[in-house]
Structures are given as C-alpha cells and as structure tokens.
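Visitor: let me see the structure of the following:
(one chain, ligands or ions: 1)
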Amino acid sequence: MIIYNSLEEFNSVKHNLPKLSFVPTMGNLHEGHASLIDIAKKTDNEVVSTIYVNSLQFNDKNDFINYPKTLDMDIELLDKKGCNHLILPDPSILDNIKSIKAPIKSTKLCGAHRPGHFDGVLTILNRLFEIINPHTVVFGKKDYQQFLLVKDFIYEKKLNINIIGANTIRNTNGLALSSRNILLTEKDKTIAPTLYKTLKDIEINKVYLNSEYLKTKSDYLKSFGFKVDYLISCDTESLEESYNINNNDLLIAVAAHLGGVRLIDNLVISKL
Ligand code: AMP
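Guide: Predicted coordinates:
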C-alpha cells in the first residue's frame with residue numbers, strides 16, 4: 001500500500017493511476033471499515049482510502065478531541081485487506097475549501113441534533129472527490145442519513161461516481177461496530193446492544209407501529225440510562241416521519257447517548 005501524507009502528494013501521481021474505488025474514513029478502523037474495503041476490492045478498481053478526522057463535522061469540541069486515533073493499527077489493517085493507496089490529508093485540505101450547504105434532508109434525524117454536521121461532511125467529501133476522482137465510492141449504511149445525502153449529492157451535482165451502500169457489521173451481541181464503542185465503560189458495553197435489540201423488537205411488532213408505540217420503546221431505552229436524541233420511523237428516501245408500513249419499507253433509526261458516548265443505529269423494515 002502506498003501512503004501519501006497530503007492530498008497534494010496524491011494529486012501529483014494520480015494521472016498514472018487506473019480507475020479507483022474510494023473508502024473515506026476517520027480512522028480507528030474496525031471490521032465495519034474492513035468490510036467496505038472488501039466491497040471496494042470486488043469492483044476490479046484499485047482501492048484508495050483516506051483517514052481524516054474532519055473537524056468541520058464535529059459540533060462538539062470534546063467529541064472531536066476525544067475521537068480515538070490508532071494510525072499504526074489502521075495502516076496494518078488496510079494493508080492486510082489489500083487497500084492499494086492510503087491518503088492522510090494534512091491540514092491544508094481546508095485551505096480555500098468550498099463550503100457545501102447540505103439540503104433540507106440534512107436537518108432531520110442526526111442533523112436536528114448536530115447542526116451543520118452534514119455541511120461539514122459534504123464539504124470535505126466534495127474536496128476529496130475533486131482530488132481523488134473516484135469511479136466508485138463505498139459508504140456504510142450504519143450512517144444511513146450520510147449515505148443518502150452523499151447519494152443525493154452525487155446525483156444533484158451529476159458527478160460520474162457510482163455509490164455502493166454497505167450493510168452494517170455488528171458484534172455477536174448485535175451492537176453495531178463503531179469507533180466510539182471503545183469509549184464505552186465495561187458496564188455500558190453490556191447495555192449498548194439494547195439499541196439493536198429494540199430495533200429488532202420494533203421490526204417484529206411492525207403491525208403495531210405508530211408514534212405512541214415508538215414512545216414506549218424510547219422510554220424503555222431511557223430506563224437503561226440512554227439519553228435518546230431520536231427514535232424515529234421514516235420514509236427511506238425523504239426521511240419524513242412515516243408509519244405507513246402497508247405500502248412502503250420504512251427506516252427505523254435511533255441515536256442515543258450512553259455515558260457521554262453517542263451511538264447510532266438503524267434498520268430498514270419491509271412493508272407488510
Ligand atoms: P467513519 O470512520 O466513522 O467516518 O466511517 C467510515 C465509513 O465506515 C462510513 O461509510 C461508515 O458508514 C462506515 N462504517 C462505520 N461503521 C460501520 C459498520 N459497523 N458497518 C459497516 N460500515 C461502517
């Protein structure tokens with residue numbers, strides 16, 4: 001794997017490279033990230049990844065400062081997975097960067113609790129897309145809203161990029177793998193899987209789906225010590241709140257804090 005210590009370094013060699021599949025990350029890599037590299041490898045393109053903790057998408061300064069950093073281990077994992085190129089953008093990535101205003105969909109779900117978050121995400125991705133010029137990009141559907149906004153962005157800007165959405169990789173106890181999981185206390189690690197169990201429970205009981213039912217599930221999570229940002233049932237494209245499971249698949253999405261660690265998860269439940 002070739003490592004580039006700035007976007008400029010990569011930019012100077014990119015004209016010699018074949019088609020690329022791109023997996024952006026913020027590092028502290030786990031099997032979820034590894035699965036995205038596996039998917040990218042299957043495209044027949046060379047695979048490029050980035051590790052960059054994007055300050056623009058953090059509205060909580062402590063969350064940014066505490067974001068786990070494990071560069072040596074990350075390099076080892078990417079190399080083992082057969083990633084061909086790793087770019088480690090230096091702070092000059094922000095120089096004269098064009099700010100992107102995310103569309104209205106960005107103000108729902110996570111965006112309602114993290115103002116400006118998706119503007120920051122799209123601003124950095126737009127810059128990375130410009131420099132890397134990928135043929136394909138792979139994003140995890142654990143960050144469902146992010147996946148949707150990037151998909152819409154590519155479509156709106158008529159970028160010539162294929163986007164692949166990857167399924168969420170979980171622990172055996174159901175907890176979605178996340179870089180933030182290592183910040184959980186031992187006790188909270190036993191509580192955190194309740195998020196996914198609750199989503200599965202909602203799926204099993206989908207004939208009863210309505211706002212009161214979700215409120216009981218949200219209260220259930222609170223009884224375990226979760227501070228719930230949202231637990232919502234919504235349209236899988238518009239993210240508008242919806243309970244119409246007769247005609248459409250629905251996205252059940254949750255974000256909750258446990259001991260100061262923000263966790264998200266979701267499940268698409270199929271129509272009746
Ligand atoms: P991050 O490093 O958190 O910015 O994530 C980088 C990419 O990995 C994003 O596309 C995430 O959606 C994806 N990702 C994170 N966790 C998982 C997981 N548990 N399963 C699949 N993809 C994931």
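Visitor: which parts of stretch 205-214 are buried?
Guide: 206, 209, 214 (16 or more other Cβ atoms under 10 Å). Just so you know, the C-beta spots here come from the backbone N, C-alpha and C atoms, and that holds for glycine as well.
Visitor: and the second one, what's its pLDDT?
Guide: To tie it back to what came earlier, the one meant is residue 209. Residue 209 is assigned a predicted lDDT (pLDDT) of 97.
Visitor: chain neighbours aside, what residue packs nearest to it?
Guide: Nearest residue to residue 209, sequence neighbours excluded (Cβ to Cβ, 6 or more residues apart in numbering): residue 243, at 5.1 Å.
Visitor: buried residues in stretch 66-75?
Guide: Within stretch 66-75, the residues that count as buried by 16+ other Cβ under 10 Å are 67, 70, 74-75.
Visitor: next one: it to chain centre, how far?
Guide: Put simply, stretch 66-75 sits 17 Å off its chain's centre (Cα atoms, centre = their mean, to the nearest Å).
Visitor: just the endpoints, please. Distance across it?
Guide: Stretch 66-75 has an end-to-end distance of 20 Å (criterion: Cα to Cα, to the nearest Å).
Visitor: which residues of the stretch 1-150 of the chain lie near the ligand?
Guide: Contact residues (Cβ under 6 Å from any ligand atom) of the stretch 1-150 of the chain with the ligand: 25-26, 32-33, 35-36, 139-140, 142-143.
Visitor: what about these, which one has the most neighbours?
Guide: Counting neighbours by other Cβ atoms under 10 Å, residue 33 leads these with 27 neighbours.
Visitor: name the helix or strand for it, please.
Guide: Element membership for residue 33 (DSSP states H and E) is helix 31-41.
Visitor: what about that helix, distance to the chain center?
Guide: 13 Å.
Visitor: the residue nearest to residue 209 against residue 233, yeah?
Guide: Yes. Using Cβ atoms under 8 Å, residue 243 makes contact with residue 233 at a distance of 5.5 Å.
Visitor: what do those two both touch?
Guide: 209, 250 (Cβ atoms under 8 Å, 6 or more residues apart in numbering).
Visitor: higher neighbour count, those two?
Guide: With neighbours defined as other Cβ under 10 Å, residue 243 and residue 233 compare such that residue 233 has more, 21 against 15.
Visitor: list the contacts of the nearest residue to residue 175 once chain neighbours are set aside.
Guide: Distances taken as Cβ to Cβ, 6+ apart place residue 193 nearest to residue 175, at 4.5 Å, with adjacent residues excluded. Residues in contact with residue 193 (Cβ under 8 Å, 6+ apart) are 171, 173-175.
Visitor: show residues contacting the lowest-mean-pLDDT helix or strand in the chain.
Guide: Lowest by mean pLDDT, DSSP states H and E among the helices and strands of the chain is helix 61-66, with a mean of 90. Among residues not part of helix 61-66, those counted as contacts by Cβ under 8 Å, 6+ apart are 53, 55, 58, 183, 262.
Visitor: thinking again about what came up before, part of a strand, is the residue nearest to residue 209?
Guide: No. The assignment for residue 243 by DSSP: H, G, I helix; E, B strand; the rest coil gives coil, which leaves it out of any strand.
Visitor: and it, what's its pLDDT?
Guide: pLDDT, read off for residue 243, is 97.
Visitor: same deal with residue 101?
Guide: On the pLDDT scale, residue 101 gets 98.
Visitor: which ones are touching it?
Guide: Contacts of residue 101 by Cβ under 8 Å, 6+ apart are residue 119.
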